[in-house]
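> just a sequence and a predicted model for now, questions to come.
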Protein chains: 6
Amino acid sequence: MNPNVETFLGCDAAFEDAGIVLFGAPFDSTTSFRPGTRFASKAMRSESFGLETYSPYLDKDLTDCRIFDSGDLELCFGDANLALNHIESRAAEILEAGKLPVMIGGEHLVTLGAVRAAVKRYPDLHVVHFDAHADLRDDYLGARLSHATVLRRVWDLVGDGRIFQFGIRSGDREEFLWGREHVFTRRFDFKGLEETVAALQKKPVYFTLDLDVLDPSVFPGTGTPEAGGVSFLDLLGAAHKVSGLNIVGCDVNELCPAYDQSGASTAVACKVLRELLLLLSR
Amino acid sequence: MNPNVETFLGCDAAFEDAGIVLFGAPFDSTTSFRPGTRFASKAMRSESFGLETYSPYLDKDLTDCRIFDSGDLELCFGDANLALNHIESRAAEILEAGKLPVMIGGEHLVTLGAVRAAVKRYPDLHVVHFDAHADLRDDYLGARLSHATVLRRVWDLVGDGRIFQFGIRSGDREEFLWGREHVFTRRFDFKGLEETVAALQKKPVYFTLDLDVLDPSVFPGTGTPEAGGVSFLDLLGAAHKVSGLNIVGCDVNELCPAYDQSGASTAVACKVLRELLLLLSR
Amino acid sequence: MNPNVETFLGCDAAFEDAGIVLFGAPFDSTTSFRPGTRFASKAMRSESFGLETYSPYLDKDLTDCRIFDSGDLELCFGDANLALNHIESRAAEILEAGKLPVMIGGEHLVTLGAVRAAVKRYPDLHVVHFDAHADLRDDYLGARLSHATVLRRVWDLVGDGRIFQFGIRSGDREEFLWGREHVFTRRFDFKGLEETVAALQKKPVYFTLDLDVLDPSVFPGTGTPEAGGVSFLDLLGAAHKVSGLNIVGCDVNELCPAYDQSGASTAVACKVLRELLLLLSR
Amino acid sequence: MNPNVETFLGCDAAFEDAGIVLFGAPFDSTTSFRPGTRFASKAMRSESFGLETYSPYLDKDLTDCRIFDSGDLELCFGDANLALNHIESRAAEILEAGKLPVMIGGEHLVTLGAVRAAVKRYPDLHVVHFDAHADLRDDYLGARLSHATVLRRVWDLVGDGRIFQFGIRSGDREEFLWGREHVFTRRFDFKGLEETVAALQKKPVYFTLDLDVLDPSVFPGTGTPEAGGVSFLDLLGAAHKVSGLNIVGCDVNELCPAYDQSGASTAVACKVLRELLLLLSR
Amino acid sequence: MNPNVETFLGCDAAFEDAGIVLFGAPFDSTTSFRPGTRFASKAMRSESFGLETYSPYLDKDLTDCRIFDSGDLELCFGDANLALNHIESRAAEILEAGKLPVMIGGEHLVTLGAVRAAVKRYPDLHVVHFDAHADLRDDYLGARLSHATVLRRVWDLVGDGRIFQFGIRSGDREEFLWGREHVFTRRFDFKGLEETVAALQKKPVYFTLDLDVLDPSVFPGTGTPEAGGVSFLDLLGAAHKVSGLNIVGCDVNELCPAYDQSGASTAVACKVLRELLLLLSR
Amino acid sequence: MNPNVETFLGCDAAFEDAGIVLFGAPFDSTTSFRPGTRFASKAMRSESFGLETYSPYLDKDLTDCRIFDSGDLELCFGDANLALNHIESRAAEILEAGKLPVMIGGEHLVTLGAVRAAVKRYPDLHVVHFDAHADLRDDYLGARLSHATVLRRVWDLVGDGRIFQFGIRSGDREEFLWGREHVFTRRFDFKGLEETVAALQKKPVYFTLDLDVLDPSVFPGTGTPEAGGVSFLDLLGAAHKVSGLNIVGCDVNELCPAYDQSGASTAVACKVLRELLLLLSR
């Protein structure tokens, strides 16, 4: 009789054999509107078994990939610094083992922890960012570490010309103005993504996917649903393009399962993650 | 220490300074299927703070507009006449002050109160109407004042050739037949809206927006979700065109927050209202 | 004073006069993920009164059709064989009376009962199948009678070249491989449907519609929401084409009302059924 | 094949044979806080099949009683007068046939319709009233016909000393003051009920049961949950006592099924009604 | 980095060291009303971390006990026989290892699998049964294996005078009549439990706890909430008494987490299980 | 036309005239299980209008009291120190004006901010604490500022023998052991409260009421529902006793409205607050 090991669908390789290591970062303390993304990774593991391991989009199967799911970090609520340190350690450990870290958020701030680890290993790191929100504020209600400032904090680490945002449809005026000088921002959709991919060939790239880039009709289960987003197939196409890059770290975040009682948001998050894992698996 | 003033996002001008005056009409007594739109205005005020004041669609900001939110009317439930009188008074008061009334319903019947005020001031009033439902019945289960008869009652006031409906995808056969003789009805979408806008230049126009014109995937939080509706971007484009008219009164109605526990319906209603306010603000 | 007869909207003909006979098959015992489709037929009858009997898409009215609603079968939970026998009897009884059976599921396995009756009467039966899932497994967790094997069991009855699937976007690799040899499978959408309709002219056709072929944004209320589906208007168009065939049996299934608290999924299921009934009514 | 007759559990007698006639009054237009009681009767019929027909409390079985369920009235929303006339007619028709009318609300105002019929037939009518709320206002937000005024309107018909309230734990100060002069009010519980029953022997009595007399822990599914109510067993005991009276009309009201997603409120309402029917059945 | 092992709170002993072995039986195919108990064990593991391991009622701590959680069986839906065999094997395996099996249902039928294993090992098995429902039918809608017949099937194995039921408040008349001859049934509460415990000293006893013995106010999250149940403290006291027996097998069942969105039902189930585990741990 | 001022029911005095000042502290960043108490104060203001201003328990009316509602603080999420400073300032400001601060949480940590202000003004401060949880940990997952440590942090300020806890039914073993030396802890109920009240006459007392002291049947809408709590009437009685003390500060906390979709939890919180305000009003 064996203990009860729970992983994301088909991610049952041993750590040693794995090329990709999944982990959950259940943290949402800085969420300013509706919290609850802390439950995303648990829900995604549990609900992923409503999916098949096989993708008819890619004709690939998770059972042919070598992915290890290391479960969730136990993060301190109420202290963003502590949580980020914890995340950074885990990502660094995976990177040092020569594997690809794929993190399930949590709120978007968790990205900062993983990027800190990645930029130490790859000083030339670039960031591709899909999101509804620019997340470029310098502080939010007095906090410099916040879901609303995370890409600004990432910019502190990587500098001008290294961040490429797509799908952005919300922000205050100052964010858009500041952004024009320091990052590439494509509003509303993925136009220009092919050029970005062409330009970043061979660069180490961190890919952060805030699932609220999807339209709320597809993905209502998130803290701040923002109308006018992209479709599931748009996102799949864009992810396909991004997978042509040299991805050294990746995350999906901002699923808040409790806000979609139908489970459709969790299901779409699982499907996006399955496709990403298949795309990133070598 | 100040009392707790609650307004829709960014609508904090003083009455005297305002060009637009917002008010809520929380009434749903004639709703024949699933009631609850009475909670729309309160929910929209509360949830609007999940939005930004700045619109990347229009590159305009609510903080640059002068809008006063006068809160909700306290309407009598169970007596439609009393409620409509109350609404008419409020709309008339705003019109007399030379300001634009923007009303948040409530069920669609509330439009009749505001139109009564508008048509007294502008006898040449025309009406642009976005909706899933024709609302042209002469009576409904014995009631002449009903959400299902409201445009017919408006027709009683403005007469033939003054009502322009778009997006209509539900009604009984008689409504469509009667409509052919008396109003302009575009089924399913917004085709013909440009011509309507061209034809109505300089006319005083009341714009009534039943949010269930949106597809239920985008806007499930309404009493009678009707499949086959328009997308958020379709609606935004159409609203943009309508804003080229001489709008003298406006409402958005039929949000029923309790039927969408994800909050996405309330969020899209808030975003539509933000865009409308920015478009109508001079 | 009359007893309380409840039917689907506008389906109040006497059995003798009816050309179409509706019945519910509230069974979901083999559902492997989230059960609850047993409540679909009851919910659809109750919520159908939020719709009109008139369709502006077809300019037809249910009040002009002759449809009898015979209510729900009382099926045994936990014994799939018993339930299927019960369903087969009802379908056979309707077919023998020279009428068209239209069944509301329940999980997809219920289709097998109705197909058994149809294939006895029409040995040359063909099957048109809209679904997100291939349902072609030979067994599922040891069970040969399962929602996940239903089209394979139908194939046992009709054989190669008789099943035409559309919209399929989920299955394991083996199902897709097996399917290539034995059935026609169109992945993701309805391309090729016109050719199928042309090829099947004059053949007796059973049409089984798993509503999860719709995108979860439109239809989240189902046990296994699968992103990337078709739109409501796509489905309407496809149903229109199918109605050009010699349909001898039909079902709609897999609505699980409790998973969509907004009621929009039940509403879209009702609207699809209304259109189907209008299309199939002569 | 028979049409789909739906009744409350075990209430399938023919009208002619029945001693009790059940009907639903789905009306809630004057509800001032959270509407939705219009769905109570439908939900109770549907969910009653989760109960047994046999009561171990009374050792009686509904299958031994003769009860006819005449379904729901189709009431006009938004016009309280019209709806009350409709209810009065139905109750009068049942009374004239020498049967006992048992009505399922709806909001509490529906009681007025049934009492109007009863008082015409029994001018000496007395009223026993279980409720959380006194409902003794003379008007509410300008309306004299309201759920909040219903017992005052009943008093208009029956006069001083004829109304006996129990369980009351909410009202404004004026209601309690007025009540002291005109009705018997027992606050919080059922103390004094035995004396009331003794005093009313042989009088014709209308029994109106607002289910929110129950504690919200037992019955959260109501528009205005008011803490501090009675338990299910308290209510059962009290109903047992009341059944010793000469009951000539009865109703249960104020279940709002949508506010209790667990179904426990609907289930307790069904069980209360089952016990009442068994108690009132001769 | 370790794989993600999930257990019920504090149940992390190795199998070899454990005195108690927990397992989940996620099966609900015969549920006749509202299904969903299949999700109970998963929900209880996940939500148990909202509890403490320490009980102030017993002054004992789960961290001092040796309990192994072997996770959930993967049971076939739609075939009760197959599922029961599977459960019986697991229970037998635990009994053979000299450990106490504690099963989390699922619907109540799962008890039959575990009792089959227990009665083979302990032919003199007695059964203590807490429940709202008698579960003594001989068949239900044609099925002999059903949640509604489970204690009757247990009686087939253990015979007259071996089953002791408490808290029963629902059943059809025949069940109560049959029960009088063959089992001990205490209706409504736990009176007589002390005498039962005294009488069964030294006998091997299987204890099956249908959580719907609790009042729906405490435990609404179950398929068939039945008003008039016992309180949490009543149940705790009764469980304390039962733990004085020679318990050789035990289960808790009929939690349906989706029906109580507050999580309180899952939380109370977890707390009951914690207390049981502490009581049964030596 | 006036701006939209929103207050808790009947709390519309001017600041200057008020004896009691209400404010909301919408903070829940350290919540370790299920967040969302940040929405409590807003929900309570909004839902309080389902209550009457008059209490039949006390025969007092809020309209006779002088209470000012200063709305919600805008607190920084993710930084507990910043939030506590903000709360302390507000409480201090109210105390300096010679008024009684009554705070609506938020999670229980907010109490620390208000106690800091109170203990500065009243160095001899005592604390009466109603709760399900002891909250006496020294740190929680590395954080010293946490909902689970709040009474320990209060103890840091007031020292031994100053904290009196009632209703406690959850904690780890160490909390209970530590508690024995430093605070008075009454487990499960309010026994001993009269003695405590007698002993604290004339002492300045801060009263902190974690609403989860109530049984989850009464109050499921909280982050960590813990079975076995007190009833509403128990709590009312206890609050009545506490009001005989020299209360210098007070809070109610841990309502999480989203977890009780029926609204009953918010309603009971409002009723408790109404009674408290009436009791504390002079």
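All right, it came through fine.
> which ones are touching A:Thr31?
A:37, A:107, A:147, A:223, F:77 (CB atoms under 8 Å, 6 or more residues apart in numbering or on different chains). Every residue, glycine included, has its C-beta placed from N, CA and C.
> swap in A:Gly113?
Counting by CB under 8 Å, 6+ apart, A:Gly113 touches A:25, A:83-88, A:91.
> would you mind giving the secondary structure of it?
Following DSSP: H, G, I helix; E, B strand; the rest coil, the label given to A:Gly113 is helix.
> which one is it nearest to, not counting chain neighbours?
Nearest non-adjacent residue to A:Gly113, counting by CB to CB, 6 or more residues apart in numbering or on different chains: A:Ile87, 2.8 Å away.
> show me which positions of the helix or strand the one you found falls within end up buried.
When elements are assigned from DSSP states H and E, A:Ile87 belongs to helix A:80-96. Neighbour-count burial for helix A:80-96, counted by 16 or more other CB atoms under 10 Å in any protein chain shown, picks out A:80, A:82-84, A:86-88, A:90-95.
> possible to save the residues you listed as TSV with pLDDT?
Below are those laid out as TSV (pLDDT from 0 to 100):
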residue	pLDDT
A:Ala80	93
A:Leu82	92
A:Ala83	95
A:Leu84	97
A:His86	97
A:Ile87	98
A:Glu88	98
A:Arg90	98
A:Ala91	98
A:Ala92	98
A:Glu93	98
A:Ile94	98
A:Leu95	98
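> can you tell me which of those residues is nearest F:Phe68?
Of all these, F:Phe68 sits closest to A:Ala80, with 34.5 Å by CB to CB.
> the nearest residue to the closest one once chain neighbours are set aside in helix, strand or coil?
In this structure, A:Ala80 finds its nearest non-sequential neighbour in A:Leu145, 4.2 Å apart by CB to CB, 6+ apart. Secondary structure, three-state DSSP: A:Leu145 is coil.
> got the residues of the stretch 101-250 of chain A near chain C?
Proximity of the stretch 101-250 of chain A to chain C, by CB under 8 Å from any CB of the partner chain, involves residues A:215, A:217-218, A:232-233, A:236.
> which among those residues count as buried?
Here, 16+ other CB under 10 Å leaves A:215, A:217-218, A:232, A:236 buried among those.
> can you put those residues in CSV and add pLDDT, distance to C:Val119 and secondary structure?
Converted to CSV, those look like this (pLDDT from 0 to 100; distance: CB to CB, whole Å; DSSP: H, G, I helix; E, B strand; the rest coil):
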residue, pLDDT, distance to C:Val119, secondary structure
A:Asp215, 98, 43, coil
A:Ser217, 98, 39, coil
A:Val218, 98, 39, coil
A:Phe232, 98, 37, helix
A:Leu236, 98, 38, helix
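> my guess is A:Val158 contacts A:Val119. True?
Yes: under the criterion of CB atoms under 8 Å, A:Val158 makes contact with A:Val119 at 6.2 Å.
> which residues do the two both contact?
By the contact definition CB under 8 Å, 6+ apart, A:Val158 and A:Val119 are jointly contacted by A:Leu125.
> what does chain A put close to chain E?
Residues of chain A lying close to chain E (CB under 8 Å from any CB) are A:1-7, A:15, A:21, A:42, A:45-46, A:68-72, A:93-94, A:261.
> which among those end up buried?
A:3-4, A:6-7, A:21, A:42, A:45-46, A:68-72, A:93-94, A:261.
> now for these, which pair is the farthest apart?
Maximum distance among those (CB to CB): 36.4 Å, for A:Glu93 and A:Gln261.
> is A:Cys76 in contact with A:Ala83, as I believe?
Yes: contact criterion CB under 8 Å: A:Cys76 and A:Ala83 qualify, at 5.7 Å.
> now do the helices in the stretch 1-150 of chain A.
Counting by DSSP state H, counting those that start in this stretch, the stretch 1-150 of chain A has helices at residues A:40-47, A:80-96, A:110-121, A:150-158.
> and A:Thr111, how far is that from A:Ala25?
Distance, A:Thr111 to A:Ala25, by CB to CB, to the nearest Å: 9 Å.
> hey, where'd the strands end up in chain A?
A:20-25, A:54-55, A:60-61, A:67-72, A:100-105, A:126-130, A:163-168, A:184-187, A:204-210, A:246-253 (DSSP state E).
> could you say which one of those strands comes nearest to chain B?
Closest to chain B of the strands of chain A, according to CB to the nearest CB: strand A:184-187, at 5.6 Å.
> which helices and strands does the closest one pack with?
Applying 3 or more CB pairs under 8 Å, 6 or more residues apart in numbering or on different chains; DSSP states H and E, we find strand A:184-187 packed against strand A:163-168.
> does the strand it packs on reach chain B?
Yes: Strand A:163-168 lies within reach of chain B by CB under 8 Å from any CB, at A:Ile168.
> give me the distance from that strand to the chain's centre.
How far strand A:163-168 lies from its chain's middle: 13 Å, per CA atoms, centre = their mean, to the nearest Å.
> adjacent strands (with direction) for it?
Taking DSSP bridges as the criterion, strand A:163-168 forms sheet pairs with strand A:126-130 (parallel), strand A:184-187 (parallel).
> for D:Ala227, find the nearest of these.
strand A:126-130 (47.3 Å).
> which positions in the closest one come out as buried?
A:126-130.
> can you put the strands of chain A in JSON lines and add mean pLDDT?
Formatted as JSON lines, the strands of chain A follow (pLDDT from 0 to 100):
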{"stretch": "strand A:20-25", "mean pLDDT": "98"}
{"stretch": "strand A:54-55", "mean pLDDT": "98"}
{"stretch": "strand A:60-61", "mean pLDDT": "98"}
{"stretch": "strand A:67-72", "mean pLDDT": "97"}
{"stretch": "strand A:100-105", "mean pLDDT": "98"}
{"stretch": "strand A:126-130", "mean pLDDT": "98"}
{"stretch": "strand A:163-168", "mean pLDDT": "98"}
{"stretch": "strand A:184-187", "mean pLDDT": "98"}
{"stretch": "strand A:204-210", "mean pLDDT": "98"}
{"stretch": "strand A:246-253", "mean pLDDT": "98"}
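> ok and the residue in the stretch 51-200 of chain A nearest chain C?
Residue nearest to chain C within the stretch 51-200 of chain A (CB to the nearest CB): A:Tyr54, separated by 4.5 Å.
> could you check how many residues crowd around that residue?
Per other CB atoms under 10 Å in any protein chain shown, the neighbour tally for A:Tyr54 reads 23.
> same check on the one 3 residues further on?
Here the number of neighbours of A:Tyr57 (other CB under 10 Å) works out to 19.
> my read: it touches A:Leu235, true?
No: counting by CB under 8 Å, A:Tyr57 stays clear of A:Leu235, with 11.8 Å between them.
> per-residue pLDDT, A:Tyr196?
Quick fix: residue A:196 is Thr, not Tyr. Predicted confidence (pLDDT) for A:Thr196: 98.
> in contact with it, which residues?
A:128, A:164, A:184 are the contacts of A:Thr196 under CB under 8 Å, 6+ apart.
> so how far is A:Leu235 from it?
For A:Thr196, the distance to A:Leu235 - CB to CB - is 16 Å.
> repeat that for A:Pro3.
From A:Pro3 across to A:Leu235, the span is 36 Å (CB to CB).
> quick revisit: what distance do you get for the residue of the stretch 51-200 of chain A closest to chain C to chain E?
For A:Tyr54, the distance to chain E (CB to the nearest CB, to the nearest Å) stands at 19 Å.
> what about A:Val197, how many neighbours?
Neighbour tally, A:Val197, other CB under 10 Å: 18.
> how about the one 10 residues further on?
Per other CB under 10 Å, the neighbour tally for A:Phe207 reads 23.
> hang on, it packs against A:Val248?
No: contact between A:Phe207 and A:Val248 fails when scored by CB under 8 Å: they sit 9.0 Å apart.
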